[in-house]
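K.L.:
build me a model:
(chains A and B)
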Amino acid sequence: KQEVTQIPAALSVPEGENLVLNCSFTDSAIYNLQWFRQDPGKGLTSLLLIQSSQREQTSGRLNASLDKSSGRSTLYIAASQPGDSATYLCAVRPSIQGAQKLVFGQGTRLTINP
Amino acid sequence: DAGVIQSPRHEVTEMGQEVTLRCKPISGHDYLFWYRQTMMRGLELLIYFNNNVPIDDSGMPEDRFSAKMPNASFSTLKIQPSEPRDSAVYFCASSRWTDTQYFGPGTRLTVL
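P.N.:
Numbering: from 1, shown residues only, chains lettered A, B, ... in the order given. The predicted model follows:
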């Protein structure tokens, strides 16, 4: 059974710092991996999606990497801003054909202090 | 597009009552998902549909929960009878086969 773990559960850093969020998964047979952002009281918003054949994806100040063999992904946020404060969730999609199920980590609650 | 629409946004009910949550997916999306989020268990997939047909309901906690998708633009998640441990935020999401899932704003359910 696929399990996804995110460490740390919470992180607080001063504005302007570069930071890394970690995600690990137990089964390397994945179709893709996604990073989502969740603001308080809101739904999830997809940030980056990495296919199993890819090593990384970039969007603006965000860069996500994927190392399938070691079961790890990182989300790098450059020059953090108070508006980046949110919970970040990692989710993997199993590689089984037709299986649309996402398995989510518990998330990292990020606070950027002005 | 308005995105995934869920109603109601908040629901407070008493134990034993029937609760119906509603979802309108994004037009053109052929997959629809129902999730539940709690502090203890995080985000859990309850059930998902493809072209209005339930594909996997293994996450539905028990027979008190049921979900339907009568057409491509509407789905319901029903809890009958409701219990305090059902209190959570319920999300609906939709997608195309190769696309990411787009989430609605959620329904916060409180069962007293």
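K.L.:
can you give me the strands in chain B?
P.N.:
Here chain B has its strands, by DSSP state E, at B:5-7, B:10-13, B:19-24, B:31-38, B:42-50, B:53-56, B:65-71, B:74-79, B:88-95, B:102-103, B:107-111.
K.L.:
how close does the nearest residue to A:Tyr76 once chain neighbours are set aside sit to chain B?
P.N.:
Excluding its sequence neighbours, the residue lying closest to A:Tyr76 (C-beta to C-beta, 6 or more residues apart in numbering or on different chains) is A:Asn63, at 4.4 Å. The way it works is simple: take the backbone N, C-alpha and C, and place the C-beta from them, glycine included. For A:Asn63, the distance to chain B equals 17 Å [C-beta to the nearest C-beta, to the nearest Å].
K.L.:
alpha carbons only: can I get stretch A:68-84 in PDB?
P.N.:
What follows is stretch A:68-84, C-alpha atoms only, in PDB (Å, rounded to 0.1, in the frame of the first residue of the first chain):
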ATOM      1  CA  LYS A  68      11.500   7.800  -8.100                       C
ATOM      2  CA  SER A  69      14.200   5.300  -7.200                       C
ATOM      3  CA  SER A  70      14.600   6.800  -3.800                       C
ATOM      4  CA  GLY A  71      10.900   7.600  -3.400                       C
ATOM      5  CA  ARG A  72      11.500  11.300  -2.800                       C
ATOM      6  CA  SER A  73      10.300  14.600  -4.100                       C
ATOM      7  CA  THR A  74      11.200  18.200  -3.000                       C
ATOM      8  CA  LEU A  75       9.400  21.500  -3.600                       C
ATOM      9  CA  TYR A  76      11.800  24.400  -3.700                       C
ATOM     10  CA  ILE A  77      10.500  27.900  -3.100                       C
ATOM     11  CA  ALA A  78      12.800  30.700  -3.900                       C
ATOM     12  CA  ALA A  79      12.700  34.200  -2.300                       C
ATOM     13  CA  SER A  80       9.700  33.300  -0.100                       C
ATOM     14  CA  GLN A  81       6.900  35.900   0.400                       C
ATOM     15  CA  PRO A  82       4.200  36.200   3.100                       C
ATOM     16  CA  GLY A  83       1.700  35.200   0.300                       C
ATOM     17  CA  ASP A  84       3.300  31.800   0.100                       C
END
